[in-house]
Every structure is written in structure tokens, then in C-alpha cells.
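Participant: Fold the stuff below for me.
(2 chains)
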Amino acid sequence: AQSVTQLGSHVSVSEGALVLLRCNYSSSVPPYLFWYVQYPNQGLQLLLKYTTGATLVKGINGFEAEFKKSETSFHLTKPSAHMSDAAEYFCAVRRSGAGSYQLTFGKGTKLSVIP
Amino acid sequence: DSGVTQTPKHLITATGQRVTLRCSPRSGDLSVYWYQQSLDQGLQFLIQYYNGEERAKGNILERFSAQQFPDLHSELNLSSLELGDSALYFCASSERQGRGGYGYTFGSGTRLTVV
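Facilitator: Modelled structure (predicted):
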């Protein structure tokens, strides 16, 4: 079974500061990893994903994440926070290969950006 | 607009009642997934359908059922509703059972309030 742990249910950063949202996963087979963002009263939007290949993945809105197998981590970063980044962020894992296509989500991290 | 349509957006109903939530997947997507989002449980996978057939079951209560129709839209039926069923219910769709590591495309959700 897969699981995801997001460290910190709430993170606050100043506008222009580095954003770092932490995600650790557990999977018995090579995982596919995802970050989603949820704005208030909206559905989840895919930010980026890692399947195979390059371990540094770039997504939308200036976000990127690095897959570190040795640390079982997939932390999300953005060099400079913008007010519009305030939202809830979810890390998710899925088994690679056939048979298990559902995503398992972390509990989410709410990002606040202070002007 | 993500291309995944969920109706209704809001639903208020009494305990003991039955409701039906509807989802139309993105054009060309054959898989539909249902998730429940609540404050205490986070995002919980309920059930997956692929081209009309049930493919995976998660933490779905026996009081809940779903189906996917020939036109690929899906309905989630919730019966004998309890206060604890109040949550956001999301539908997501993906191509071909999610092969290739595709992330899902989520709808904007149905907010169910049981009073």
C-alpha cells in the first residue's frame, strides 16, 4: 500500500520568500508522484508530476519538485512566493504499472502568503 | 473549466435521505474516480469505473454506490444519509485507466450538507 505524509498542515511565508512544502511517501514499488493545488471552493488542479526520467520536475506557476528516492521525498518548491500562491497543496502517490490507478493523497498543506 | 462537470454544486438534505451526485468526465476519458474530502479524513478514494465497469474500490460505505453509464457519465448514490456524510465529493477522470502516470483531472466538486 502507498501512503503520503505532508509535514506541516499550515505553512506561512512572506511574499517573495522561498516556498518549501514537504512530502514523504511510502511505496513498495516505484511510485508516480503528483502535486495538486486547491484554491478555495474549487477542485484540485495538477501542478506537476513525476513518473520516470529526470528527477527534477517543473510545473505550472513556477513550482518545481525533486524526486529523491533515497529520502522517499518529493518536496515542492518555488523560489519566490506570490500572493496568488495562497492555497492548499496536496501531494499524492500512485503505484507505477498496471492494476492500481487510484491516487493516495496526503492530508494537505495550507500555504499562507504574508504581504 | 477543467472539462469534468459535476452537478449539483451544492446539496443540502436531511438525515436518512438519499441523494445522487452526477459527473461527466472530460471528453475522451474512460476512467472516472470518486473521492470524498472532509476536514478530518482528508481526500479519501471511494471508487473507480473504467468504461462502465467497476475497477477499484476504496473506503466506500455500503450505503454508497456508483455506476458509470454507456455515455461514460457517472453517478454516485448516497443513501440513509448521516451527519458525518457531510463533505465535498469530487469526481476525477483520466485516460485509459490512468496508464502512463497521467494525473487526474478533477471536477469542482459537490458540497453535500446533511442536516
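
Participant: Tell me the bridge partners for the residue nearest the centre of chain A.
Facilitator: Nearest to the geometric centre of chain A sits residue A:35, at 3.3 Å (Cα atoms, centre = their mean). Residue A:35 has these beta-bridge partners by DSSP bridges: residue A:48, residue A:91.

Participant: Isn't it up against residue A:66?
Facilitator: No. Between residue A:35 and residue A:66 there is no contact under Cβ atoms under 8 Å: 11.4 Å. Bear in mind the C-beta positions are built from the backbone N, C-alpha and C, glycine included.

Participant: Quick check: neighbours shared by the two?
Facilitator: Residues touching both residue A:35 and residue A:66 (Cβ atoms under 8 Å, 6 or more residues apart in numbering or on different chains): residue A:74.

Participant: Could you report the separation of residue A:6 from chain B?
Facilitator: Separation of residue A:6 from chain B (Cβ to the nearest Cβ, to the nearest Å) stands at 10 Å.

Participant: which residues sit in contact with that residue?
Facilitator: Residue A:6 touches A:21, A:22, A:23, A:89, A:90, A:91, A:106, A:107, A:108, A:109, counting by Cβ under 8 Å, 6+ apart.

Participant: So what does the nearest residue to it once chain neighbours are set aside look like in phi/psi?
Facilitator: In space, and not counting its chain neighbours, residue A:6 is closest to residue A:106: 3.8 Å by Cβ to Cβ, 6 or more residues apart in numbering or on different chains. Reported as degrees, to the nearest 10, the phi and psi values for residue A:106 are phi -80, psi 180.

Participant: Correct me if wrong: residue A:106 contacts residue A:91.
Facilitator: Yes. Counting by Cβ under 8 Å, residue A:106 does reach residue A:91; the two are 4.5 Å apart.

Participant: Around chain B, pick out the residues from chain A.
Facilitator: Proximity of chain A to chain B is confined to A:32, A:34, A:36, A:41-46, A:49, A:51-52, A:90, A:94, A:96, A:98, A:100-108 under the rule Cβ under 8 Å from any Cβ of the partner chain.

Participant: In ChimeraX, how would I select the buried members of those residues?
Facilitator: Here is the ChimeraX selection string for the buried members of these, based on 16 or more other Cβ atoms under 10 Å in any protein chain shown:
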select /A:32,34,36,43,44,45,46,49,51,90,94,100,101,102,103,104,105,106,107,108
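
Participant: Could you tell me the model confidence score at the closest residue in space to residue A:96 that isn't next to it in sequence?
Facilitator: Leaving out its chain neighbours, the residue that sits closest to residue A:96 by Cβ to Cβ, 6+ apart is residue A:30, at 4.8 Å. Residue A:30 is assigned 79 on the pLDDT scale.

Participant: re the thing from before, please identify every residue contacting each of residue A:106 and residue A:91.
Facilitator: A:4, A:6, A:23.

Participant: Which ones among those map onto strands?
Facilitator: A:4, A:6, A:23 (DSSP state E).

Participant: how close does the residue nearest to the centre of chain A sit to residue A:88?
Facilitator: 11 Å (Cβ to Cβ, to the nearest Å).

Participant: ok, now which ones touch residue B:52?
Facilitator: Contact partners of residue B:52, counting by Cβ under 8 Å, 6+ apart, are B:68, B:69, B:70, B:72.
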